[in-house]
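Novice: Quick one, fold the following:
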Amino acid sequence: MKLFANSNFYLTSGIVAFLYSLFAAGQYYTLTGSLLLSPKEAIQKIKNKQIQHVIDVRTKLEWNQGHYPKALHIPVLDIEEDKLPKNKSEGILVYCNTGQRARVAAEAIRSFGYTNVYYIAGTYSTIME
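Specialist: Numbers count the residues shown, from 1 in each chain. Have a look, this model is predicted:
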């Protein structure tokens, strides 16, 4: 009986699948792209009124510990088109604590047809002056 005759095949296939999943996850969770702004760029866009709305996508607990003045609070899991500003061409900046949730939220907002959506890789304190 050759129960483990193809064990090398399965082992090799498993290793290849694992490495591919690591690569794919790295591509998804890397904070890059045209939506990512540095804190300095975000501050400048806010000053120049290119960003009219700031959205905090953290949890209520995180929000209660402090947030950007006049920010809208919409937790990342609650992002829906009817909770967003009506004008889809106005600038929107999204933040969380690390940029991971902000990136997901910014991409979701873009999928609703909003054209000027950005996120920062950091918390609100990085854009405070």
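Novice: My guess is residue 39 contacts residue 127. True?
Specialist: Yes - counting by C-beta atoms under 8 Å, residue 39 touches residue 127, with 5.2 Å between them. Just so you know, the C-beta spots here come from the backbone N, C-alpha and C atoms, and that holds for glycine as well.
Novice: Settle it for me: which of those two has more neighbours?
Specialist: For the pair residue 39 and residue 127, the greater number of neighbours falls to residue 127 (22 against 17), based on other C-beta atoms under 10 Å.
Novice: dump the residue contacts of the more buried one.
Specialist: 39, 42-43, 46, 54, 68, 93, 95, 120 (C-beta atoms under 8 Å, 6 or more residues apart in numbering).
Novice: rerun that using 6 Å as the cut-off
Specialist: 39, 42-43 (C-beta atoms under 6 Å, 6 or more residues apart in numbering).
Novice: So which of these are in helices?
Specialist: 39, 42-43 (DSSP state H).
Novice: Could you single out the nearest of the residues you listed to residue 114?
Specialist: residue 42 (16.4 Å; C-beta to C-beta).
Novice: what residues are up against that closest one?
Specialist: 93, 120, 127.
Novice: Kindly list the main-chain dihedrals of the second one?
Specialist: Meaning residue 120. Backbone geometry at residue 120, expressed as degrees, to the nearest 10, gives phi -120, psi 150.
Novice: Look up which residues are beta-bridged to it.
Specialist: residue 37 (DSSP bridges).
Novice: measure it to residue 81 for me?
Specialist: Residue 120 sits 22 Å away from residue 81, taking C-beta to C-beta, to the nearest Å as the criterion.
Novice: Look up the closest residue to residue 81, ignoring the ones flanking it.
Specialist: residue 112 (4.5 Å; C-beta to C-beta, 6 or more residues apart in numbering).
Novice: Show me where this structure has its helices.
Specialist: For the chain, applying DSSP H gives helices covering 7-29, 39-47, 60-64, 100-111.
Novice: Name the residue in residue 120 and residue 81 with the higher neighbour count.
Specialist: Taking neighbours as other C-beta under 10 Å, residue 120 and residue 81 compare with residue 120 leading, 27 against 13.
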